[in-house]
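**Q** could you work out the structure for the sequence below:
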Amino acid sequence: MEYRAMKQGHEMTSQARGSIRAWGLGVILAATALTSVAVIAEGSKPSLPAELEQKVSSLPKEKRDFLTSDAAEALAGSFPKLFQRLEGRPVAEIEAYIDGLMSAAEAVRFHPETDMASIPLNTESPFFNAWKVERPRTMDPKREPGPFHLSRYLFQGGHQGVYGSGIATFAGAPVALYPEDLIAGKVDVAIVGAPLDMGSGYRGARGGPAAMRNQYGIGGIDMFTAIDPSKELNIVDYGDIAVDNMSTELTVRHVRERVAEIARTGTLPFIVGGDHSLEYPDVAALADVHGKGSFSVIHFDSHFDAGQGGVHFITHGAPVYRAVKEGHVRGQDYIQVGLRGPWPQAEGFEWMRNNGMHYYTMPTIEKYGWATVMENVLKDAKANGKKLYISFDVDILDPSVQPATGTPVPGGLTMREAIPMIRRLCAENEMIGFEIVELAPQLDTSYRSALNANFIMHACLTGVAMRKKGITQPGFLADLMTDHHQPEAGLKGAKSGKAEKIDPDYPNLKRTRPGT
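**A** Here you go, the predicted structure:
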């Protein structure tokens, strides 16, 4: 479909129109997509009601055409609403209304004589790069490369992940600061925080890494598989990547450098956000290391995050488009899971189809059932034989179980649905990384949101550990954890002397008292 601009000759993509419709007039006022007085969709103009068509017949063609333009539809909300507002009005009022809309459409454009094309920075500041300057190593005691613990106590992360002491780390893991620590420690997974939330209209996701460190759930055994990833994998906390929360653009460049730094050592980066704008530098970093178009991405989210046509090139609603547009990941190697709510509209789905993207929305799940969709996602993930990166936005979960996120959408997945999916994807594919984003802990008066986020990450770590152990059976579940085998197991235990012996005096306080 072609679009022609009546005044400036600019083109507005169907996805830009979809973004504008989804986010309403507030985004219209901030968008550069409406770059003309009127943009007309050729061959798809709606028909004017007969009465309205007769009344505007005397108006200039430019104004008549504007009534059926994308700009008019976006500004008015919809064509039916626009035509209803003009119904029964005299010609003079209709023309004044059209003039007002045309004026607004012109006003949202970029005007070089009055608008800033870029945000200037004070390059003369002596602290221009202070936010990301590394601490000189000579300031610290010399040490041998390798991970190290921050606590004087043996169980830094707590016994069985229930309690802890010392400085909190992801999974109670030791700390690594530099690539040589990862190499020397033969580290499998480096969990790194990226507390950026400037890319979101709702602040708070910067608290995600701290909340997940301070909550249990990443370490310990997985009851479904009898695997404890903390025992099978060498896991470290790689600290937090420096963030300039005054500038998403500056921050994502540095994030890209740090994630690539981890990946180049052969260690899997597990990134904890932060908002979803991080998906762009994370994916770009992995493309820098593994090669563009060399891996697939599964994007778990209630939103498709392929917005385009907005003022900012990177926000938490645009990383997918940016990654595809720059060629880091091919459209046909993207899989969307969990989309729901008012965005995207039809144009967004057309864009995904046109770019070969696979998508499994909540309407898909309603139509075919979760079990079928889960198997299809697992099948698609392995279809091209490529390595896999998972981007998990916590707002894919229903707000009833995950309230701490800035853009919740009702009708999402449950933890019971999400955990097996993540565990299987990470077990049945060669992973190159994982991210979990958009946890805004201050929006939850309890600790369940951070707890759920940790258990999602734990599911992926379990999958990676299963693959390392050579467990390749699809959907593997440990027999010990799933089947009691009674009465045979009890009889065998009694015969072998392994059954618990009855002690009527238990607990015997005299026997257990010190000094007796």
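
**Q** ranges for the helices of the stretch 151-300 of the chain?
**A** Ranges of helices in the stretch 151-300 of the chain, per DSSP state H, counting those that start in this stretch, are 179-184, 208-213, 229-232, 248-263, 279-290.

**Q** what does the shortest one contact?
**A** Spelled out, that is helix 229-232. Helix 229-232 is contacted by residues 171-173, 219-220, 222, 235, 458, 461-462, 464-465, 468-469 when judged by CB atoms under 8 Å, 6 or more residues apart in numbering. The way it works is simple: take the backbone N, C-alpha and C, and place the C-beta from them, glycine included.

**Q** out of the helices of the stretch 151-300 of the chain, the one nearest F434 is which?
**A** Proximity to F434 (CB to CB) singles out helix 279-290 among those, at 9.4 Å.

**Q** what is the distance between the closest one and the centre of its chain?
**A** Distance, stretch centre to chain centre, for helix 279-290: 14 Å (CA atoms, centre = their mean, to the nearest Å).

**Q** ok, G172 - how many residues close by?
**A** By other CB atoms under 10 Å, 26 other residues sit near G172.

**Q** that one contacts G219, correct?
**A** Yes: judged on CB atoms under 8 Å, G172 makes contact with G219 at a distance of 5.5 Å.

**Q** which of the contacts of helix 229-232 fall within strands?
**A** Among the contacts of helix 229-232, the members found in strands (DSSP state E) are I235.

**Q** which parts of the stretch 351-500 of the chain are helices?
**A** 362-368, 370-383, 415-428, 448-469, 479-482, 488-496.

**Q** distance check, the nearest residue to Y202 once chain neighbours are set aside against D197.
**A** What sits nearest to Y202 in space, not counting adjacent residues and going by CB to CB, 6 or more residues apart in numbering, is G406, at 3.0 Å. Separation of G406 from D197 (CB to CB, to the nearest Å) stands at 8 Å.

**Q** returning to what we had before: wait, the residue nearest to Y202 sits on R206?
**A** No: look at G406 against R206 with CB under 8 Å: they stay out of range, at 11.2 Å.

**Q** what about the two, which has more around it?
**A** R206 (23 against 20).

**Q** what is in contact with G406 and D197 at once?
**A** Common neighbours of G406 and D197 (CB under 8 Å, 6+ apart) are 203-205, 275, 440.

**Q** how about V236: what's its closest non-neighbour residue?
**A** V236's closest residue in space is A176 (CB to CB, 6+ apart), at 4.1 Å.

**Q** that neighbour against I183, yeah?
**A** No: taking CB under 8 Å as the definition, A176 is not a contact partner of I183, at 9.6 Å.

**Q** settle it for me: which of the two has more neighbours?
**A** A side-by-side neighbour count of A176 and I183, using other CB under 10 Å, places A176 first with 29 against 16.

**Q** low-confidence regions, the stretch 101-250 of the chain specifically.
**A** The stretch 101-250 of the chain contains residues with pLDDT under 70 at 156-164.

**Q** in it, which spans are strands?
**A** For the stretch 101-250 of the chain, the strands defined by DSSP state E, counting those that start in this stretch occupy 189-194, 235-240.

**Q** counting contacts, what elements does the first one pack onto?
**A** Pointing back at strand 189-194 there. Here strand 189-194 touches helix 208-213, strand 235-240, helix 248-263, strand 268-273, helix 448-469, going by 3 or more CB pairs under 8 Å, 6 or more residues apart in numbering; DSSP states H and E.

**Q** what does it rub up against?
**A** 170-171, 173, 176, 182, 208-210, 213, 218, 233-241, 243, 255, 258-259, 262, 267-274, 278, 457, 461, 464.

**Q** please repeat the previous calculation with a cut-off of 6 Å.
**A** If you take CB atoms under 6 Å, 6 or more residues apart in numbering as the criterion, strand 189-194 is touched by 170, 209, 233, 235-238, 240-241, 255, 262, 267-274, 278.

**Q** between it and helix 248-263, how many degrees?
**A** Following axes from the mean of the first three to the mean of the last three CA atoms, to 10 degrees, one obtains 170 degrees for the angle between strand 189-194 and helix 248-263.

**Q** if we can go back for a sec, how about the helices and strands packed on strand 189-194, which one is nearest A96?
**A** The nearest among the helices and strands packed on strand 189-194, by CB to CB, is helix 248-263 at 40.8 Å.
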